[in-house]
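Asker: Please find the sequence and the predicted model below.
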Amino acid sequence: MTQTVIALDVGGTGIKCALVGAEGDALHQVLHAERHATGRERGPEAVIATILDIAEGLAATARAKGLEPRAAGLVVPGVIDERGGVAVWAANVGFRDVPLKALLEERLGLPAALGHDVRAGGLAEARLGAGRGHSYVLVIPIGTGIAAANVVNGQVYTGAHGAAGEIGHIVVRPDGPECGCGQRGCLESIASASAVGRRYGERAGRPATAEEVARLAAEGEPAAVAVWQETIDALADGLMTGIALFDPAVIVLGGGLAEAGEALLAPLRAGVHARVTFHREPAITRAALGDEAGCLGAALLALDSLDSPASNSADSSDSSGGTR
């Protein structure tokens with residue numbers, strides 16, 4: 001039986017949203033998609049109103065197409081209590097203790113699910129994207145920061161307090177640069193896309209994006225080659241920690257740094273291979289869903305909520321979650 005769910009992925013700048021059709025317990029196709037500005041400069045109350053208005057508009061669009069929406073999924077950044085449906089804290093959009101799930105259900109008259117953007121994107125990659133067909137998938141977006149979603153049998157494990165997956169804050173270089181979290185030498189402070197650009201600027205005396213650094217390294221520019229190799233080495237060390245802890249069948253890399261493609265993946269695979277001892281070496285591949293992953297993850301959470309309204313997580317414990 002075909003059913004339709006509403007999906008929204010809220011970021012600091014934009015909101016990606018869609019109507020998604022599902023067959024049984026599996027997504028079938030995107031039926032309608034929209035993008036809107038978040039407008040965070042207007043304050044959190046205005047952002048909440050925008051989210052609810054967009055969701056209501058999507059429900060109306062669905063009905064105008066002869067479809068009846070069954071549920072809604074919403075994912076946002078920050079500290080998320082997924083079980084309670086509350087955005088506890090999200091600096092990017094100014095949320096603090098906002099009961100988004102209840103507000104969405106009240107506005108739409110439909111079941112709703114609230115999730116964390118990185119975990120939802122990881123869920124989508126594992127079920128629908130580059131991790132499809134594998135039971136143990138570790139999805140790691142590498143952008144401004146570095147996070148991870150550990151997906152086992154199609155469900156994301158969030159940890160006792162919803163803070164699992166902070167692989168970017170594993171210390172890989174104890175004497176390394178200071179991280180925003182207060183530690184020194186975190187993986188994120190060395191190998192995130194923003195850190196790559198910053199470290200190149202410190203060496204070369206001019207700003208550059210991570211994409212530019214990857215291109216310059218491929219061309220043999222000395223400062224870029226050095227920064228890129230340091231990035232690969234740090235990532236390989238970080239991935240080895242993930243492999244030791246989670247034993248994934250496949251590691252899926254996404255985010256801005258993964259746009260470098262094989263310039264990143266080939267040396268990273270070699271770096272991991274050189275470090276493996278007793279561990280089973282996972283496949284390492286690039287994410288397949290791009291910036292649509294979060295929205296598709298929201299749709300999956302909505303679909304899951306129809307079967308299990310009390311939980312969108314594989315963890316039965318409390319889950320006030322995440323720091324990204």
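Answerer: Here it is on my side, so go on.

Asker: elements contacting the helix or strand containing residue 124?
Answerer: Using DSSP states H and E, residue 124 falls within helix 117-128. Using 3 or more Cβ pairs under 8 Å, 6 or more residues apart in numbering; DSSP states H and E, the elements in contact with helix 117-128 are strand 2-10, strand 69-76, strand 136-141, strand 149-152, strand 155-156, strand 250-254, helix 293-307. C-betas here are computed from N, CA, C, even on glycine.

Asker: Can you name every helix or strand that the fifth one contacts?
Answerer: Contacts defined by 3+ Cβ pairs under 8 Å, 6+ apart place strand 155-156 against helix 117-128.

Asker: so for the helix it packs on, what's the average pLDDT?
Answerer: The average pLDDT for helix 117-128 rounds to 95.

Asker: how about the CA coordinates for the helix holding residue 124, as PDB?
Answerer: This file holds the C-alpha atoms of helix 117-128, laid out as PDB (Å, rounded to 0.1, in the frame of the first residue of the first chain):
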ATOM      1  CA  ASP A 117      20.300  15.800  11.400                       C
ATOM      2  CA  VAL A 118      23.600  13.800  11.300                       C
ATOM      3  CA  ARG A 119      22.000  10.600  12.600                       C
ATOM      4  CA  ALA A 120      19.100  10.900  10.200                       C
ATOM      5  CA  GLY A 121      21.400  11.400   7.300                       C
ATOM      6  CA  GLY A 122      23.400   8.400   8.400                       C
ATOM      7  CA  LEU A 123      20.300   6.300   8.600                       C
ATOM      8  CA  ALA A 124      19.400   7.300   5.100                       C
ATOM      9  CA  GLU A 125      22.800   6.400   3.700                       C
ATOM     10  CA  ALA A 126      22.700   3.100   5.500                       C
ATOM     11  CA  ARG A 127      19.300   2.100   4.300                       C
ATOM     12  CA  LEU A 128      19.000   3.800   0.900                       C
END
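
Asker: Make a markdown table from the helices and strands packed on helix 117-128 and add distance to residue 84 and mean neighbour count to it.
Answerer: Listed next are the helices and strands packed on helix 117-128 as a markdown table, based on distance: least, Cβ to Cβ, whole Å; neighbours: other Cβ atoms under 10 Å:
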| stretch | distance to residue 84 | mean neighbour count |
| --- | --- | --- |
| strand 2-10 | 18 | 26 |
| strand 69-76 | 14 | 27 |
| strand 136-141 | 24 | 27 |
| strand 149-152 | 20 | 24 |
| strand 155-156 | 17 | 23 |
| strand 250-254 | 28 | 25 |
| helix 293-307 | 14 | 26 |
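
Asker: need those in TSV with distance to residue 85 and mean pLDDT, can you?
Answerer: Shown next, in TSV, are the helices and strands packed on helix 117-128 (distance: least, Cβ to Cβ, whole Å; pLDDT from 0 to 100):
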stretch	distance to residue 85	mean pLDDT
strand 2-10	14	93
strand 69-76	9	96
strand 136-141	23	97
strand 149-152	19	96
strand 155-156	16	93
strand 250-254	26	97
helix 293-307	10	93
